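Peer 1: All I have is the shape, not the residue letters:
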C-alpha cells in the first residue's frame with residue numbers, strides 16, 4: 001500500500017485553507033493554568049469500568065467558522081457573553097478517552113500527532129505515558145471519523161503504526177467515503193489535503209481495521225452509534241457498565257455551551273448541516289431523558305458532564321470533581 005506524501009508546498013496550501021476547516025494555527029491565551037507541570041489526564045469510574053480522559057492538547061480556530069447558518073453578530077455576542085472568544089478565535093480542547101473494561105483497554109481516536117498544531121497538540125502519547133499507559137497496553141482503537149485531529153496520529157514520524165498491537169475500528173461508510181479512489185479529485189481544493197491525510201492515516205492500519213455499522217459492539221459494554229452529519233459517516237460511542245452509562249459524543253456536538261443553547265447552529269466543518277442537527281438533537285435528547293453522562297471531544301477539559309433540557313434547547317452541566 002502506497003502512502004500519499006504531501007510536499008512542503010502542499011502543507012503550506014493546507015495551512016492556508018485551515019481557517020475554513022477550523023484547523024488554524026493556535027494563538028496562546030493570556031491566562032494559562034497553574035505554573036509548572038500540569039495534569040494531562042483525568043480519571044473517573046463508570047460502574048465497573050475505569051475511564052481516563054487523556055488530552056492531546058488544544059488548537060484555536062476563527063469564530064467565523066462557528067454558527068455559519070446564524071447571524072454573525074448573534075454568534076459573536078453569545079461567545080463573548082460566555083467567555084469563549086479571544087482575539088476572534090475560539091479554543092478547541094482535544095479530549096481522548098481510554099476505557100478499561102474487563103480485559104480491554106479501548107482508546108477513542110488518536111489525535112493529530114505532530115502533523116498540524118505544532119506544540120499545542122500532538123501530546124496524546126506523552127500524556128498517556130504520564131497516566132500510566134504504554135502504547136502496547138491498548139487493545140482497541142475506535143476512530144469516530146477521519147478528520148485530522150482524530151486520525152492523523154495513527155502514524156509516528158517514521159510512518160510506523162503507533163498502536164501496532166491494537167484492533168482498529170471505524171465506521172464502514174466513513175472509511176469508504178474517504179478512501180474511495182479518486183476522492184481527492186472530487187472534493188473542493190480546500191478539502192484535498194484532508195483527503196490525502198485521511199488516506200495516509202487509514203492505509204497503514206488496514207490489516208488491523210474492522211469496519212463497523214451502527215450498533216457494532218467493540219467489546220461487551222461499548223457500542224458504536226451512527227451520528228452522521230459532522231462527517232458523512234461520523235460515529236459516537238455508548239458505554240454501559242453496572243447500570244451506569246456514558247455517551248462519547250465525539251464531534252456530534254463540538255461546543256459544550258453553544259451547541260446546547262443553539263443546537264440548530266452548525267459550523268463550517270459540518271459536512272451535512274441538516275444531519276448534524278438531527279444527530280445532535282437525538283443524542284442530547286437521549287442523554288437528558290435517560291440521565292446519561294456525556295463526554296465531548298472539544299469540550300473544556302476534561303469534557304465530562306450532563307445534559308438538561310431548556311425548552312427546545314439544552315444546557316451542559318460539568319460533572320462534579322470528587323476527591324477519593
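Peer 2: That came in fine, so what should we check first? Since the structure is predicted, the reported quantities are computational estimates derived from the model, not experimental observations. Residues are numbered from 1 along each chain as shown.
Peer 1: the strands in the chain, which residues?
Peer 2: Using DSSP state E, the strands of the chain run over 41-46, 49-62, 89-101, 104-108, 140-143, 167-171, 209-212, 217-219, 222-226, 235-241, 244-250, 293-296, 304-310, 313-318.
Peer 1: Turn those into a markdown table, including distance to residue 273, mean pLDDT and mean neighbour count.
Peer 2: (Glycine included, C-beta is placed from N, CA and C.) What follows is the strands of the chain, written out as a markdown table (distance: least, CB to CB, whole Å; pLDDT from 0 to 100; neighbours: other CB atoms under 10 Å):
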| stretch | distance to residue 273 | mean pLDDT | mean neighbour count |
| --- | --- | --- | --- |
| strand 41-46 | 32 | 95 | 18 |
| strand 49-62 | 17 | 96 | 23 |
| strand 89-101 | 18 | 97 | 22 |
| strand 104-108 | 25 | 98 | 23 |
| strand 140-143 | 23 | 98 | 25 |
| strand 167-171 | 19 | 98 | 24 |
| strand 209-212 | 24 | 98 | 17 |
| strand 217-219 | 29 | 98 | 17 |
| strand 222-226 | 17 | 98 | 21 |
| strand 235-241 | 18 | 98 | 22 |
| strand 244-250 | 17 | 98 | 24 |
| strand 293-296 | 19 | 98 | 24 |
| strand 304-310 | 21 | 97 | 17 |
| strand 313-318 | 17 | 97 | 17 |
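Peer 1: Those strands into a markdown table, with extra columns for distance to residue 116?
Peer 2: Putting those into a markdown table (distance: least, CB to CB, whole Å) gives the following:
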| stretch | distance to residue 116 |
| --- | --- |
| strand 41-46 | 22 |
| strand 49-62 | 7 |
| strand 89-101 | 11 |
| strand 104-108 | 19 |
| strand 140-143 | 17 |
| strand 167-171 | 20 |
| strand 209-212 | 23 |
| strand 217-219 | 27 |
| strand 222-226 | 26 |
| strand 235-241 | 22 |
| strand 244-250 | 18 |
| strand 293-296 | 20 |
| strand 304-310 | 25 |
| strand 313-318 | 27 |
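Peer 1: Quick one, which of those strands gets closest to residue 115.
Peer 2: Go through the strands of the chain one by one with CB to CB and the one that ends up closest to residue 115 is strand 49-62, at 11.8 Å.
Peer 1: Which strands and helices lie in contact with that closest one?
Peer 2: strand 41-46, strand 89-101, helix 124-130, strand 235-241 (3 or more CB pairs under 8 Å, 6 or more residues apart in numbering; DSSP states H and E).
Peer 1: The second one versus strand 49-62: what angle between them?
Peer 2: What that stands for is strand 89-101. 160 degrees (axes from the mean of the first three to the mean of the last three CA atoms, to 10 degrees).
Peer 1: Strand 89-101 to strand 244-250, inter-axis angle?
Peer 2: Strand 89-101 and strand 244-250 meet at an angle of 140 degrees, taking the same axes, to 10 degrees as the criterion.
Peer 1: tilt between strand 89-101 and strand 222-226?
Peer 2: Using the same axes, to 10 degrees: strand 89-101 against strand 222-226 is 140 degrees.
Peer 1: what about stretch 227-242, how long is it end to end?
Peer 2: 25 Å (CA to CA, to the nearest Å).
Peer 1: Save the helices and strands packed on strand 49-62 as JSON lines, and put in distance to residue 54 too.
Peer 2: Converted to JSON lines, the helices and strands packed on strand 49-62 look like this (distance: least, CB to CB, whole Å):
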{"stretch": "strand 41-46", "distance to residue 54": "5"}
{"stretch": "strand 89-101", "distance to residue 54": "5"}
{"stretch": "helix 124-130", "distance to residue 54": "5"}
{"stretch": "strand 235-241", "distance to residue 54": "15"}
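Peer 1: quick one: which of those is nearest residue 171?
Peer 2: strand 235-241 (4.5 Å).
Peer 1: Among the helices and strands packed on strand 49-62, which comes closest to residue 66?
Peer 2: Closest among the helices and strands packed on strand 49-62, using CB to CB: strand 89-101, at 6.1 Å.
Peer 1: helices or strands next to that closest one in the packing?
Peer 2: strand 49-62, strand 104-108, strand 235-241, strand 293-296.
Peer 1: That one vs strand 304-310, what angle?
Peer 2: 110 degrees.
Peer 1: Now do strand 89-101 against strand 41-46: the angle between them, please.
Peer 2: Using the same axes, to 10 degrees, strand 89-101 lies at 50 degrees relative to strand 41-46.
Peer 1: Quick one: distance of strand 89-101 to the chain centre.
Peer 2: For strand 89-101, the separation from the chain centroid amounts to 7 Å (computed by CA atoms, centre = their mean, to the nearest Å).
Peer 1: contacting residues around the closest residue to residue 98 other than its chain neighbours?
Peer 2: Nearest non-adjacent residue to residue 98, counting by CB to CB, 6 or more residues apart in numbering: residue 52, 4.5 Å away. Going by CB atoms under 8 Å, 6 or more residues apart in numbering, residue 52 touches 41, 42, 43, 97, 98, 100, 131, 133.
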